[in-house]
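Novice: Using only what follows, build the 3D model:
(chains A, B, C and D)
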There are 2 protein chains.
Amino acid sequence: MRKKVTIKDVAKAVGVTPTTVSNVLNGTNRISDETRRRVLQAVEELQYTPNMSARALVKRRTYTIGLFIPASPRVLSDSYFAEALRGMTEVALQYGYVVSIIYSDGLSDSVRQRIDGLVLTELKNKDEYVQYFKRIRMPFVALGRGGDPTLRDYVISDTNRGIREAVNHVYRLGHRHLGYLLGPLCYEYVCERYRTFRRMHAELGLPLDRRLCATGENSREGGASAMRAIFARGVRPTAIFASTDIMALGAIEYLHEHGLRVPDDMSVVGFDDADFSKYVRPSITTVHHDIYRAGREAASMLIAKLDGREYKCPVILPVRFVPRESTSVISHVNQ
Amino acid sequence: MRKKVTIKDVAKAVGVTPTTVSNVLNGTNRISDETRRRVLQAVEELQYTPNMSARALVKRRTYTIGLFIPASPRVLSDSYFAEALRGMTEVALQYGYVVSIIYSDGLSDSVRQRIDGLVLTELKNKDEYVQYFKRIRMPFVALGRGGDPTLRDYVISDTNRGIREAVNHVYRLGHRHLGYLLGPLCYEYVCERYRTFRRMHAELGLPLDRRLCATGENSREGGASAMRAIFARGVRPTAIFASTDIMALGAIEYLHEHGLRVPDDMSVVGFDDADFSKYVRPSITTVHHDIYRAGREAASMLIAKLDGREYKCPVILPVRFVPRESTSVISHVNQ
DNA sequence: CATCAAAATGAAATCGTCTTCAACAACTCG
DNA sequence: CGAGTTGTTGAAGACGATTTCATTTTGATG
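Specialist: Numbers count the residues shown, from 1 in each chain, chains lettered A, B, ... in the order given. Down below sits the predicted model:
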């Protein structure tokens, strides 16, 4: 392994000082075109790459951004994070940044000083982490809103549009009694999606029957138990929406176990377009959003912020309604 | 934001030099118990945490390890990586390391100098990356074997045991004509699993019919097309194994589309215990392995290597055979 | 041609830690 | 008591960049 080439080596090769080399590389001071050319050439020939540790030390920057994931068991397994991470990583690389996973319930001092900024996920309505990072002055952008109206640095999906199309879809299929399976109400995205659902009822002049709505964990079991809760009230929607695909799946399983067929006896709509949604039978009608792209946008936004560049905030990403097998024309029996 | 406290501040508070503080913190030189105690106390009171950039500069270490994922579209979405990452991150944190994703087809100079070592994934039989990282002297450990018998720094699942149990299972169910859906043969794990499958035939005194084995991509489509290839030969196994759950899923779908029921007309066995394997109908009989734990082991091994500590290599993790709905007693019609 | 501004480059300090080696103190032992 | 250990601490110099400010060179202007 030949010795690492430093800025001094480049300087010596060109016959200038490290200052000059640094200047051409960072574009701070004015440097004559001739000198610049020779420096650049030497950099190329010697294959010089600045030592990030040294740079980090003097600039008080680490050129590392983090994906912050609140520590709760196994959430990271969700492909949501993997996709976001992939998007972030690609963008970060372009800007000379690197991304780390911060899988924790806060920021230890040692971790805090190792990153320049964070991308937040899993935001709650009144998000404690948003407040926390704001307080400790850690720069961040959010994948979702965090209940703080002063913040504009976030990336979200156009939930509104997605739910609108989904509701219209089942409405056109003849459904008039729509139910809703809510995830934990503390999450911003749960409320946001539900809000749009209610708004659509108003727009369509449909009465919203609260008895057709219930809450559960964001899991198969949660979907099943919310479904059960609704049945326990002695009511039955002809179509049901779920906060997420995983809850929709749980609901479908619950229905099957109780002798109801999907979509013949009840239509089901999810949200997220999870991996499994197209595998399962019936495949799940859902709203697709591009988490990979959201990750890219979030990283771009964060890095722009760190580097002091402008960036259009917030970013609202388009979604796509994906009709599949779990929704169909209402059957006459149920009308 | 109060000013960052440095080693000098601690030294001043105690009335010693930075050298002494550094020594007690790094345990290099012998320091009197009394001094040590006072230094530690000051560190505590001042909430001193060493500046990693400075340390990185002088130690020529970054205290960052990477999870290397060969760049091919969307693999990162697989929860395999998310799980491994979660395990790695937890362990890394304990040792003061941080983990970054290297989602790329090599190591640019700038990235190379930002990590101390790598965890390799998706190993091939004659893995080019293994050779590459060996050549550039980048420390690494592998999640899987890489076709290099000199390497012992790897973590694998006890494939042998898993396949053994799976084969025994279907054998006991009466199946004698077993087929195999292979993923791309370049991958080490594909070959390894298949190898055990063949060995089991020998042990059980079963003839292995090569016509019942076919190759396809590691995807639903790949599983389906491999299944189709076998049928095209005019043969039909009573039970079929797949390199992965996703291929098994594709095969099941293919069978359904062609009027064959699983498991009634054919039993199917996967490998991995993917998320969806228990969701789908029929749920897939498979072999579970703990990728989270593998990630933990890999990180421990790598960090031990970097810090010059001993670590038992290689690590072979236990697996668990998970019988589900996709396998059943052979039907008399098919015998 | 003298003067002054602008352009280009360099010298030296700095970032916060670790490390080498020297210095000093205390102790042991003949 | 002096010499050699052993234990404890400090001084100074990296590590490899950036940055501030000074200096030199060049060019323009009256």
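Novice: Next, the contact list for residue A:181, please.
Specialist: Applying Cβ atoms under 8 Å, 6 or more residues apart in numbering or on different chains, we find residue A:181 in contact with A:213-216, A:222-223, A:226-227, A:240-243, A:247-248, A:251. Just so you know, the C-beta spots here come from the backbone N, C-alpha and C atoms, and that holds for glycine as well.
Novice: how about a cut-off of 10 Å?
Specialist: The contact partners of residue A:181, by Cβ atoms under 10 Å, 6 or more residues apart in numbering or on different chains, come to A:194, A:212-216, A:218, A:222-227, A:229-230, A:237, A:240-244, A:247-248, A:250-251, A:268-270.
Novice: Likewise for residue A:317?
Specialist: Contacts of residue A:317 by Cβ under 10 Å, 6+ apart are A:155-158, A:289-291, A:293-294, A:296-297.
Novice: That one pairs with what?
Specialist: residue A:157 (DSSP bridges).
Novice: That one and residue A:290, how far apart?
Specialist: 6 Å (Cβ to Cβ, to the nearest Å).
Novice: can you list residues touching both of these two?
Specialist: With Cβ under 10 Å, 6+ apart as the test, residue A:317 and residue A:290 both reach A:157, A:296-297.
Novice: List buried residues within those residues.
Specialist: The neighbour-count test (16 or more other Cβ atoms under 10 Å in any protein chain shown) marks A:157, A:296-297 as buried among those.
Novice: in what helix or strand does the closest residue to residue A:237 other than its chain neighbours lie?
Specialist: Nearest non-adjacent residue to residue A:237, counting by Cβ to Cβ, 6 or more residues apart in numbering or on different chains: residue A:179, 3.3 Å away. Here residue A:179 sits within strand A:178-182, counting by DSSP states H and E.
Novice: Rank the helices and strands of chain A by mean pLDDT and give me the bottom one.
Specialist: The weakest-scoring helix or strand in chain A, judged by mean pLDDT, DSSP states H and E, is helix A:109-112 (a mean of 86).
Novice: So is that one next to chain B?
Specialist: Yes: using Cβ under 10 Å from any Cβ of the partner chain, helix A:109-112 reaches chain B at A:109-112.
Novice: can you check stretch A:134-153 too?
Specialist: Yes: for a cut-off given as Cβ under 10 Å from any Cβ, stretch A:134-153 has contacts with chain B, namely A:136-137.
Novice: Endpoints of that stretch, how far apart?
Specialist: 12 Å (Cα to Cα, to the nearest Å).
Novice: Quick check: the closest residue to residue A:109 other than its chain neighbours vs residue B:19, distance?
Specialist: Nearest non-adjacent residue to residue A:109, counting by Cβ to Cβ, 6+ apart: residue B:49, 4.1 Å away. For residue B:49, the distance to residue B:19 equals 19 Å [Cβ to Cβ].
Novice: So the two - more neighbours on which side?
Specialist: Neighbours were tallied for residue B:49 and for residue B:19 using other Cβ atoms under 10 Å in any protein chain shown; the higher tally belongs to residue B:49 (15 against 11).
Novice: Let me know whether the helix or strand harbouring residue A:247 sits next to chain B.
Specialist: Per DSSP H and E: residue A:247 is located in helix A:245-257. Yes: using Cβ under 10 Å from any Cβ, helix A:245-257 reaches chain B at A:246, A:249-250, A:252-253, A:256.
Novice: Which of the contacts of residue A:181 fall within strands?
Specialist: Per DSSP state E, strands hold the following members of the contacts of residue A:181: A:213-215, A:240-242, A:268-269.
Novice: Up against DNA strand D, what does the stretch 101-250 of chain A have?
Specialist: Residues of the stretch 101-250 of chain A lying close to DNA strand D (Cβ under 7 Å from any atom of the strand): none.
Novice: what ranges do the helices span in the stretch 101-250 of chain A?
Specialist: For the stretch 101-250 of chain A, applying DSSP state H, counting those that start in this stretch gives helices covering A:109-112, A:128-135, A:159-172, A:188-204, A:220-232, A:245-257.
Novice: With mean neighbour count added, can I get the ones you listed in a markdown table?
Specialist: What follows is those, written out as a markdown table (neighbours: other Cβ atoms under 10 Å in any protein chain shown):
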| stretch | mean neighbour count |
| --- | --- |
| helix A:109-112 | 15 |
| helix A:128-135 | 16 |
| helix A:159-172 | 19 |
| helix A:188-204 | 18 |
| helix A:220-232 | 20 |
| helix A:245-257 | 24 |
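Novice: Least confident of those, on average?
Specialist: Among those, helix A:109-112 has the lowest mean pLDDT, at a mean of 86.
Novice: list the helices and strands that helix packs on?
Specialist: In terms of contacts (3 or more Cβ pairs under 10 Å, 6 or more residues apart in numbering or on different chains; DSSP states H and E), helix A:109-112 is packed against strand A:98-104.
Novice: related to what we said a few turns ago, from the buried ones among the shared contacts of residue A:317 and residue A:290, pick the one nearest chain B.
Specialist: Each of these was scored against chain B by Cβ to the nearest Cβ, and residue A:296 proved nearest at 12.5 Å.
Novice: The closest one: which element?
Specialist: For residue A:296, the element it lies in under DSSP H and E is helix A:291-306.
Novice: can you tell me if that helix touches chain B.
Specialist: Yes: legend: contact between helix A:291-306 and chain B by Cβ under 10 Å from any Cβ is shown at A:291-292.
Novice: With stretch A:19-26 instead?
Specialist: No: for a cut-off given as Cβ under 10 Å from any Cβ, stretch A:19-26 has no contacts with chain B; the smallest distance is 12.5 Å.
Novice: Extract the C-alpha trace of that stretch and format it as CSV.
Specialist: Provided in CSV are the C-alpha atoms of stretch A:19-26 (Å, rounded to 0.1, in the frame of the first residue of the first chain):
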residue,chain,number,x,y,z
THR,A,19,-2.9,26.9,0.6
THR,A,20,-3.1,27.3,-3.2
VAL,A,21,-4.2,23.7,-3.7
SER,A,22,-6.8,24.0,-1.1
ASN,A,23,-8.1,27.2,-2.7
VAL,A,24,-8.5,25.7,-6.1
LEU,A,25,-10.2,22.6,-4.7
ASN,A,26,-12.6,24.6,-2.6
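Novice: residues of that stretch that come out buried?
Specialist: So, applying 16+ other Cβ under 10 Å, buried residues of stretch A:19-26: A:20-25.
Novice: For DNA strand D, what's the nearest residue on the stretch 101-250 of chain A?
Specialist: In the stretch 101-250 of chain A, the residue that lies nearest DNA strand D is residue A:116 (14.1 Å; Cβ to the nearest atom of the strand).
Novice: what is the residue positioned nearest the centre of chain A paired to in the beta sheet?
Specialist: Closest residue to the average C-alpha location of chain A: residue A:143 at 4.3 Å, with Cα atoms, centre = their mean. Residue A:143 has these beta-bridge partners by DSSP bridges: residue A:155.
Novice: contacting residues for the nearest residue to residue A:276 once chain neighbours are set aside?
Specialist: The spatially closest residue to residue A:276, leaving aside those adjacent along the chain, is residue B:276, at 4.3 Å (Cβ to Cβ, 6+ apart). Contacts of residue B:276 were listed using Cβ under 10 Å, 6+ apart, and they are A:249, A:274-277, A:279-280, B:79, B:245-246, B:249, B:283-284.
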